[in-house]
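In: The following comprises the amino acid sequence and a computationally predicted model.
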Amino acid sequence: MGFLRRLSSGSRYAPEITGGAAAAVLLFTQAFAAPGAAPPAAKPGPAAAAKPAPGVAGKTPVKPAPGGAGKAPVKAPVKGPATPPGAITATKVSCQGSEGQVVLTPAEGEIKCNDEFEDCEGKFELSATNCTGEFQSFYKLEIFEGGRRQQVLEFDPAGIASPGGGRWKESVPWSTPGELEAVVYYHPPGQSGDFSARGPLKVVNRALQAAKDACVKCEGTWGRYGVNKYQSCNCKMPDAGKTCYDGDECQGLCLFRRYDSDAREEGECSETQRVQGCVGIILKGQSKVEPRRPPPRKQSTCFD
């Protein structure tokens, strides 16, 4: 079942935004929200005191432009509006074939667990490319598995990607392997309307997958075994059914069947590495123990 979580700027879920925090994003929103609105005027610096020309009171002398008299002074180039604070502009990718779209890149994550394949931790990295002609604000992410929403993340402040190939990135913690789908929601900053892009997402546990592959090779059964019900494989034993007098003589367990004519414990090797239920077990080193006459009643050992 999915859950909703609102993220603050201090959360580990908050996206990394080059050049700004919440206040910077607010400044960008105010500056560029209304179509046709002029960018904020630059604050003028302290003006230099004008020195009157000799003999002419109250007038500033005009310095001739380089190259001779009669030419207009050369004006300094006028700079356009600065990149909005908070926009992710450090990395841009090609938008060939995706013009006018936001593209969510297919992603793969990895998780790692302890030896019992429990206490798993991992993450996946999501990336979207803004191929539209406007800045885009990415404010929400939903994760689906098997068509069911599993997680909802809201970003505050929202991540911003610049037009023409700017990228939005987000790292999301995850703890289970599976085939997922990610849906990211966005809109131009300061504007209403919801747009979304979706893409496939795969999270793998390489150690767990390797163990399951080995289980197939030994013709075993993967499941949860033991008191703690940890995940493991119950392999078939190649020496199953072989007569044994000691636990060391089997790759699995030596299951007690009877006492022979010399009062020795006699059994056969188990079909699988693990057994379930209550059975008699011939222990390792039993063949070195002096037989008792009459032989005692064999006690059973119970396994989950």
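Out: Okay, I see it.

In: Which residue lies nearest the spatial centre of this structure?
Out: Taking CA atoms, centre = their mean, the centroid of the chain lies closest to F124, which sits 1.6 Å from it.

In: Beyond the helix or strand hosting it, next helix or strand please.
Out: Assigned by DSSP states H and E, F124 falls within strand 121-130. The helix or strand immediately downstream of strand 121-130 is strand 136-145, counting by DSSP H and E.

In: what's next to that next one, contact-wise?
Out: Residues outside strand 136-145 that contact it (CB atoms under 8 Å, 6 or more residues apart in numbering) are 2, 15, 25, 102, 126, 128, 130, 149-156, 158-161, 163, 166, 168, 170, 172, 178-189, 201. Any C-beta I mention is one placed from the backbone N, CA and C, and that applies to glycine too.

In: partners of it, with directions?
Out: strand 148-161 (antiparallel), strand 178-187 (antiparallel) (DSSP bridges).

In: burial count for the residue nearest to the residue nearest to the centre of the chain when sequence neighbours are not counted?
Out: Ranked by CB to CB, 6 or more residues apart in numbering and with sequence neighbours excluded, the top spatial neighbour of F124 is G109, at 2.7 Å. Counted with other CB atoms under 10 Å, residues neighbouring G109 total 19.

In: so how far is S175 from G109?
Out: 10 Å (CB to CB, to the nearest Å).

In: joint contacts of the two?
Out: Common contacts of G109 and S175 (CB under 8 Å, 6+ apart): G122.

In: among the helices and strands of the chain, which one scores worst on average pLDDT?
Out: In the chain, the helix or strand scored least confidently by mean pLDDT, DSSP states H and E is helix 22-32, which has a mean of 36.

In: Run through the stretch 201-304 of the chain and note the low-pLDDT ranges.
Out: For the stretch 201-304 of the chain, no stretch is flagged by pLDDT under 70.

In: actually the stretch 1-150 of the chain, sorry about that
Out: For the stretch 1-150 of the chain, the stretches flagged by pLDDT under 70 are 1-91.

In: Apply 80 and report the result again.
Out: Along the stretch 1-150 of the chain, segments meeting pLDDT under 80 span 1-93.

In: ok, now which ones touch K242?
Out: Contact analysis of K242 by CB under 8 Å, 6+ apart lists E249, C250, E268, C269.

In: In strands, which of those appear?
Out: Here DSSP state E is the test, and the contacts of K242 give E268, C269 as lying in strands.

In: Just the buried ones from the contacts of K242?
Out: By neighbour count, with 16 or more other CB atoms under 10 Å, the contacts of K242 hold E249, C250, E268, C269 as buried.

In: Let me know the closest of the residues you listed to R292.
Out: E249 (20.5 Å; CB to CB).

In: Surely that closest one and S270 touch.
Out: No: the pair E249 / S270 is not scored as a contact, 11.7 Å apart, by CB atoms under 8 Å.

In: I'd guessed the residue nearest to the centre of the chain sits against W174; true?
Out: Yes: counting by CB under 8 Å, F124 does reach W174; the two are 5.8 Å apart.

In: As a check, name the ranges of all helices in this structure.
Out: Remark: helices assigned in the chain by DSSP state H are 22-32, 206-217.

In: I'd assumed D262 was in contact with R293.
Out: No: contact between R293 and D262 fails when scored by CB under 8 Å: they sit 9.4 Å apart.

In: Between F124 and W174, which contacts overlap?
Out: Residues touching both F124 and W174 by CB under 8 Å, 6+ apart: G109, V203.

In: distance of P177 from C131?
Out: Using CB to CB, P177 is found at 31 Å from C131.

In: out of those two, which sits in the busier spot?
Out: Taking other CB under 10 Å, P177 and C131 do not tie; C131 has more neighbours (22 against 19).
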